[in-house]
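> show me how the following folds:
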Amino acid sequence: MNATPGRLALVGSGEYLPVLTDVEDWLFADNDRRYVQLATAAAPEGQRSLDHWHALGAQAAARLDAQQFVVDVRTREDAFDSRWVDAVAGAGLVYLSGGNPTFLADTLRDTPVWAAIVDAWRGGAGLAGCSAGAMAMGGYVPNYRHPRSGGTHGLQIVPNVRVLPHFDRYTRWMPDFALRPLVTDDAVVLGIDEDTALVAQSPDDPATPWEFTPRGRQHACEVTRGGTMRIDRIELHVDVPR
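So this is what the prediction gives:
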């Protein structure tokens, strides 16, 4: 097994679309073109939504000359099913697409499917989360529409990060001062625009932070108490389980 974890992407929107094909290709690195896709976050929306994501994923795999493998986890019980655990094995890229971030985190956390995903990533597979998927990869998933109503624990890949996807659209109806209550002392709040990803690869020294840079059509920002700042690079702690 490769001792170096695979590449990472936190995506604001645009999973499986041509605008981010180059990012998905980069995430594979030199791995086998086995493209493992989980639309779990969209499961509460029903079969039509799942069919939509699976079809987009098939198109993305075809553009990348990759083989699509749908891991059809719709419930927490599914995440204990050996069929889906086995389907993750040998992944070149694992992608968590959009929908409900709380449902996604609560469904996958501490399950054999999530353990298999982490093992694949730790062994060199790329790992990406878009929109809900990016939010769930943090340490905590707050309810940004209703910040006082609480949230849920995330999947802890970037444990000190909270992601605001669709950030360009989000800020059209939420002014800058209204974002400040989302900032806490124990987390970095990142706004990632649509059709844009923050990407990183493992540093040579595993004790150092990972350097994330934006790729795609638009921009990424850090939200602080002093305002919103566009970023060209940012160092973040990434948790690679042993």
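
> lowest-scoring secondary structure element of the chain by mean pLDDT?
Confidence across the helices and strands of the chain bottoms out at helix 176-179, with a mean of 58, counting by mean pLDDT, DSSP states H and E.

> any idea which helix or strand comes after that one?
strand 188-192 (DSSP states H and E).

> can you report how many residues lie near Gly154?
25 (other CB atoms under 10 Å). (C-beta placed from N, C-alpha, C; glycine too.)

> looking at it, it is touching Ala132, isn't it?
No - using CB atoms under 8 Å, Gly154 is not in contact with Ala132; the gap is 10.9 Å.

> Val85 and Val113 touch, don't they?
Yes - if you go by CB under 8 Å, Val85 and Val113 touch, sitting 5.6 Å apart.

> okay, which residue is most central for the protein?
Gly129 (1.7 Å; CA atoms, centre = their mean).

> how close does that one get to Pro203?
The gap separating Gly129 from Pro203 is 20 Å, by CB to CB, to the nearest Å.

> repeat that for Ser49.
37 Å.

> how about low-confidence regions in this structure?
Counting by pLDDT under 70, the chain has low-confidence residues at 1-3, 144-149, 172-183.

> show me the helices in it, by range?
For the chain, the helices defined by DSSP state H cover 21-28, 47-63, 82-88, 101-108, 112-122, 132-136, 167-173, 176-179.

> list the buried ones in the third one?
What it means is helix 82-88. 84-85, 87-88 (16 or more other CB atoms under 10 Å).

> just the CA atoms of it, as CSV, please.
Taking Å, rounded to 0.1, in the frame of the first residue of the first chain, the C-alpha atoms of helix 82-88 are listed here in CSV:
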residue,chain,number,x,y,z
SER,A,82,-20.2,-5.6,3.0
ARG,A,83,-21.2,-5.1,-0.6
TRP,A,84,-20.4,-1.4,-0.4
VAL,A,85,-17.3,-1.8,1.7
ASP,A,86,-15.9,-4.1,-0.9
ALA,A,87,-16.9,-1.7,-3.7
VAL,A,88,-14.6,0.9,-2.3
